[in-house]
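In: let's see this in three dimensions:
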Amino acid sequence: MAIKTFIFENISDKEKRHAQVQSALREYTGIDSAEVYYNNRGKPFIKGLPEEMYISVTTADEVMVVVFSDKPVGIDGERLTRFENDAREKKPDYISLAERFFTGEEAEYVREGSVEGEQFANVWVRKEAYVKYTGKGLSDFANFSVVDGSKFLSKVNGVPIKKLNVVFPGSNDYLFIIAGEN
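Out: Have a look, this model is predicted:
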């Protein structure tokens, strides 16, 4: 799978974010008539190219990452420091969230972790990348698992899932996962 990654500052204005994505597409392809659209579930797709190209977008705290590929792709990311245990702040109950959204095996993985927020984030990002690949969404979370006991699966339903090395200042605080065909 040939991929091209663009990194932007995440901005709250949806129209400006879309303009960034659109600009990246045109820069990468050199085709001014290429357009990014979104289906009814919010999954982006591209029109106006001579060959099919796929896109996935994630926003994680201060960063937006856009991935273009010649094969279907899904990306998700999170800033891991957001999930660290901090006695000064009230954090979500990650175990309850895992029991609500994850499979039993994944919830167990979160329960058994020494840093449950980080364990939760590691599962969440993998599941999000996969559903962005399929285009289904959170309602599909209970239908697949990304863990096998204490380790992460390298494939879900035959789709490879792996870390994506995205480099920018502060990138060590983030985790990005990509789902897609090799």
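
In: let me see the contact set for the residue nearest the centre of the chain.
Out: In the chain, the residue lying closest to the centroid (CA atoms, centre = their mean) is Asp76, at 0.9 Å. Neighbouring residues of Asp76 by CB atoms under 8 Å, 6 or more residues apart in numbering: 58, 124-126, 128-129, 132, 176-177. Glycine gets a C-beta too; all of them are placed from N, C-alpha and C.

In: which of those fall in helices?
Out: Members of those lying in helices (criterion: DSSP state H): 124-126, 128-129, 132.

In: which residue packs closest to Asp140, ignoring adjacent ones?
Out: Counting by CB to CB, 6 or more residues apart in numbering, Val131 is the residue found nearest to Asp140 once chain neighbours are left out, at 5.4 Å.

In: my read is that the one you found contacts Gly137, right?
Out: Yes. Val131 is within contact range of Gly137, at 5.6 Å (criterion: CB atoms under 8 Å).

In: between the two, which one's more packed in?
Out: Neighbours per residue (other CB atoms under 10 Å) separate Val131 from Gly137, with Val131 holding more: 23 against 13.

In: the more buried one and Gly77: what is the separation?
Out: Distance of Val131 to Gly77, computed by CB to CB, to the nearest Å: 14 Å.

In: equivalent analysis for Leu164, please.
Out: In terms of CB to CB, Leu164 sits 8 Å off from Gly77.

In: just the strands in this structure please.
Out: Ranges of strands in the chain, per DSSP state E, are 3-9, 35-38, 44-47, 54-60, 63-69, 73-79, 147-148, 151-152, 155-156, 159-163, 174-180.

In: and the last one, what other elements does it pack with?
Out: Pointing back at strand 174-180 there. strand 54-60, strand 63-69, strand 73-79, helix 116-134, strand 159-163 (3 or more CB pairs under 8 Å, 6 or more residues apart in numbering; DSSP states H and E).

In: out of those, which is closest to Val147?
Out: Taking CB to CB, helix 116-134 is the member of those nearest to Val147, at 6.6 Å.

In: state the mean pLDDT of the closest one.
Out: For helix 116-134, the mean pLDDT works out to 94.

In: Thr59 and Glu9 touch, don't they?
Out: No. In this structure, Thr59 is not within contact of Glu9 by CB under 8 Å, at 10.3 Å.

In: who has more neighbours, these two?
Out: Applying other CB under 10 Å to Thr59 and Glu9 shows that Thr59 carries more neighbours, namely 16 against 10.

In: gap between the more buried one and Ala142?
Out: Using CB to CB, Thr59 is found at 24 Å from Ala142.

In: just to revisit the earlier point, format the strands of the chain as TSV; extra columns: mean pLDDT.
Out: Below are these laid out as TSV (pLDDT from 0 to 100):
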stretch	mean pLDDT
strand 3-9	96
strand 35-38	96
strand 44-47	96
strand 54-60	97
strand 63-69	97
strand 73-79	97
strand 147-148	94
strand 151-152	94
strand 155-156	96
strand 159-163	97
strand 174-180	97
